[in-house]
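K.L.:
generate coordinates for the sequence data below:
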Amino acid sequence: MPLVAAALTILAFTIGLTLPDVDLHLWLGHRSAMTHSALPACLLLTRRHWQPAACGMGAGIGLHLAADTFPNRMIGYATIKLPFVGALSPGASYAWLAINALAAIGVAAWLARRLHAPVVAALLTLAVSVVGAGYLWRTDGGWPVLAIAAVAAWLVWRRPSASPQP
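P.N.:
Residues are numbered from 1 along each chain as shown. Next comes the predicted model:
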């Protein structure tokens, strides 16, 4: 089943990249809190056999929300809409997107380590990184996310190892 779980993770990742914008076709209004959150990925956690999909969905939604955190201007169309309440303020919208992006990516990382063998998890991370970078490259708001990810990767790479020196 490891191959099926990996394939399901990748499929859910590609769906998760665009899932938040399904609200454009629903009565929810653009940037609905229902779709622009970690909620869709977390709902998949309700069934054990859906966890590989939750892993991919979390990664895809996380990247989408990270890009949405950098709109040209956080007004009107770009702000988060809560059902029956209305739009959040620009500051609250930035916070909502950033917190949910981190939460979704955190769920994905936690599940990837838990569900997939280390080699499979590494290959999935590579695939998600390549596809995600392509998505961010051509998406509004993607360039700042790529820059932040590059700096974070560089800092992790430069971090001294924890092994003691003789």
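K.L.:
okay, CA-based contacts and neighbour counts for the rest of this
P.N.:
Fine.
K.L.:
can you report how many residues lie near the residue lying closest to Ala121 once chain neighbours are set aside?
P.N.:
The shortest distance from Ala121 to any non-neighbouring residue, by C-alpha to C-alpha, 6 or more residues apart in numbering, is to Ala112 (5.9 Å). Neighbours of Ala112 under the rule other C-alpha atoms under 10 Å: 25.
K.L.:
and what of Val130?
P.N.:
Val130: 12 neighbours (other C-alpha under 10 Å).
K.L.:
from Leu124, how far off is it?
P.N.:
To Leu124, Val130 is 10 Å away according to C-alpha to C-alpha, to the nearest Å.
K.L.:
how much space separates the residue nearest to Ala121 from Met34?
P.N.:
24 Å.
K.L.:
repeat that for Met1.
P.N.:
In terms of C-alpha to C-alpha, Met1 sits 32 Å off from Met34.
K.L.:
pLDDT below threshold where in the protein?
P.N.:
Residues of the chain that meet the criterion pLDDT under 70 lie in 161-166.
K.L.:
that one: strands as residue ranges?
P.N.:
Ranges of strands within the chain are 81-82, 86-87, based on DSSP state E.
K.L.:
quick one: contacts of the first one?
P.N.:
Outside of strand 81-82, the residues that reach it under the criterion C-alpha atoms under 8 Å, 6 or more residues apart in numbering are Gly29, His30, Arg31, Ser32, Ala33, Met34, Ala87, Leu88.
K.L.:
next up, phi/psi of the residue lying closest to the third one once chain neighbours are set aside, please.
P.N.:
It stands for Arg31. Sequence neighbours aside, Ile80 is the residue nearest to Arg31 in space, at 5.0 Å (criterion: C-alpha to C-alpha, 6+ apart). The phi/psi pair for Ile80 (degrees, to the nearest 10) reads phi -80, psi 140.
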